[in-house]
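> sharing a model that was predicted from the sequence below.
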Amino acid sequence: QVHLVDSGGGLVQAGGSLTLSCAISCTFCDFNAMAWYRHFPEGEREGTRELVAAIVRGDQKNYADSVKGRFAISSDNAKKTFYLQMNRLTPEDTALYYCNVGARRFEGDSGYHGYFGRGTQVTVSS
C-alpha cells in the first residue's frame, strides 16, 4: 500500500513563497513518477485541474508553463518525501494542491498505479 500526506499550504501575500511537502509511506516502494497537481475550486478556472510539476523516471522534471521559473519540484528519496518550492506566488496560484505518485503495489506488479494525497490549500492574497 502507498499512502501520501501532503502539507505546507497556507495563506501568503502575492510575491511570497511556500514549500509544500509530500510524505510517502509504502510497504513496497517503486515509483515511476512524483507529481503535484492543483485544483481550482473557484474563479475563472473553476473545476479544472492542472499538472503543476512532475519528476519522471527519477530525474526528468517537467513544469506547467504557468509556473516555469517560479516553482521547483525536488525529492529526498532517503526521507521518502518530495517537495514543491513555490516562489513569486500570485493570486492565480490559489488552489488546492495535492501530490501524486505512480507506484507499483508489489513485486511483480506489471503496472504503475496512481495514488494521491488529500490536498493542501494554498491561498495567495493580492
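That came through fine.
> model confidence for the nearest residue to Leu51 once chain neighbours are set aside, exactly?
Counting by C-beta to C-beta, 6 or more residues apart in numbering, Tyr37 is the residue found nearest to Leu51 once chain neighbours are left out, at 5.7 Å. Where you see a C-beta, it was placed from the backbone N, CA and C, and this is true even at glycine. Note for Tyr37: predicted pLDDT of 98.
> report the contact partners of Tyr37.
Arg49, Glu50, Leu51, Val52, Tyr97, Tyr98, Cys99, Asn100, Phe116 (C-beta atoms under 8 Å, 6 or more residues apart in numbering).
> please pick the buried ones from these.
Neighbour counting over those (16 or more other C-beta atoms under 10 Å) leaves Val52, Tyr97, Tyr98, Cys99, Asn100 as the buried ones.
> so where does the last one fall, helix or strand?
Take DSSP states H and E as the rule and Asn100 turns out to sit in strand 95-103.
> same check, this time on the first one
Of the helices and strands defined by DSSP H and E, Val52 is found in strand 49-56.
> residue with max distance from the center of the chain?
Centroid-distance maximum for the chain: Gly108 at 27.0 Å, with C-alpha atoms, centre = their mean.
> rewinding a little: got the phi/psi numbers for the residue nearest to Leu51?
phi -120, psi 160 (degrees, to the nearest 10).
> bridged to it, which residues?
Applying DSSP bridges to Tyr37 yields these beta-bridge partners: Leu51, Tyr98.
> with Phe28 as the reference, measure out to it.
The gap separating Tyr37 from Phe28 is 23 Å, by C-beta to C-beta, to the nearest Å.
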